[in-house]
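S.K.: I'll drop the sequence and a predicted model, then ask my questions.
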Amino acid sequence: MVFDPLKTLKDIGDDISVALNNGAYAGAIILTYAAIDAMSFLSMPENRKEVHRQDFIDWVEKYMRAEPSQPYQYRGIDLYGARCGIVHRYGATSRLSDRGGCNIFGYHNDPNHIYKPDKHEKLVAISWPRLIVDFFSAMDRFLGDIMIDPELKKRVESRILDLFQVSPI
C-alpha cells in the first residue's frame, strides 16, 4: 500500500463526521479520543511497539490547542483521564480522576468551554463541537509536521498500516 497519511487522517475524520451527522455525539467523542490515541501511536518514539500514557499526553500538549479566549486550555493529562473515563467506564470519571490526577470533563454543545475553578476546581464543561474542531486542527498541524520532519515521517510510515482499516473484498 502506498503511504498516504492525508487519506488515513481523512478517513479518521470522516468516521467522526459520520457519527456527528447521525446524532451519535458520544460516538464522535469516543472516536476523537481513539483518534488521539492513534496519532500518539504514530508519533511515539521509534524504539517502541506500544503507546504509553505519556505519548498521548505529549501529543495533546504539542498539537491540541483551544483558542486563547477559551477559559479552559487543553492539558494532556486531562484529556487522557477523559479518554480513560469514556473508553473504560463509558463515563466522566476514570481511575486517574478518582485519585485527583486530572480534571473531570462534562460535555455540552455550547460553542465555548466552561471552566470556573473558583467554583469547581476539577470540573470542566467541554464544548464537544469545539473539542472535535480543535482535534481536526491538531491533526492538520500533525500532518504538517509529518511532511517536514523526516524522522517523524519515517515513524508514521512504519506504523500507518497498523491503524484500523476496512477494505472492500
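M.R.: Nice, thanks for sending it over.

S.K.: and Arg75, what is it in contact with?
M.R.: Contact partners of Arg75, counting by Cβ atoms under 8 Å, 6 or more residues apart in numbering, are 60-61, 102-103. For every residue, glycine as well, the C-beta is placed using N, CA and C.

S.K.: which of those lies closest to Phe135?
M.R.: Val60 (9.5 Å; Cβ to Cβ).

S.K.: How about that closest one: what's its closest non-neighbour residue?
M.R.: Spatial nearest neighbour of Val60, chain neighbours left out: Gly76 (3.8 Å); criterion: Cβ to Cβ, 6 or more residues apart in numbering.

S.K.: Quickly note the distance from the one you found to Leu161.
M.R.: Taking Cβ to Cβ, to the nearest Å as the measure, Gly76 falls 26 Å from Leu161.

S.K.: Comparing those two, which residue is more hemmed in?
M.R.: Gly76 (22 against 10; other Cβ atoms under 10 Å).

S.K.: list the contacts for the more buried one?
M.R.: 56-61, 64.

S.K.: chain center to stretch 47-63: distance?
M.R.: Relative to its chain's centre, stretch 47-63 lies at 11 Å (Cα atoms, centre = their mean, to the nearest Å).

S.K.: so where's the protein shaky on pLDDT?
M.R.: Along the chain, the parts satisfying pLDDT under 70 run over 1-5, 166-169.

S.K.: after the helix or strand that Leu143 is a member of, next one along is what?
M.R.: Element membership of Leu143 [criterion: DSSP states H and E] is helix 128-148. Per DSSP H and E, the first helix or strand lying C-terminal to helix 128-148 is helix 150-159.

S.K.: Quick check: buried residues in that next one?
M.R.: Neighbour-count burial for helix 150-159, counted by 16 or more other Cβ atoms under 10 Å, picks out 152, 155-156, 159.
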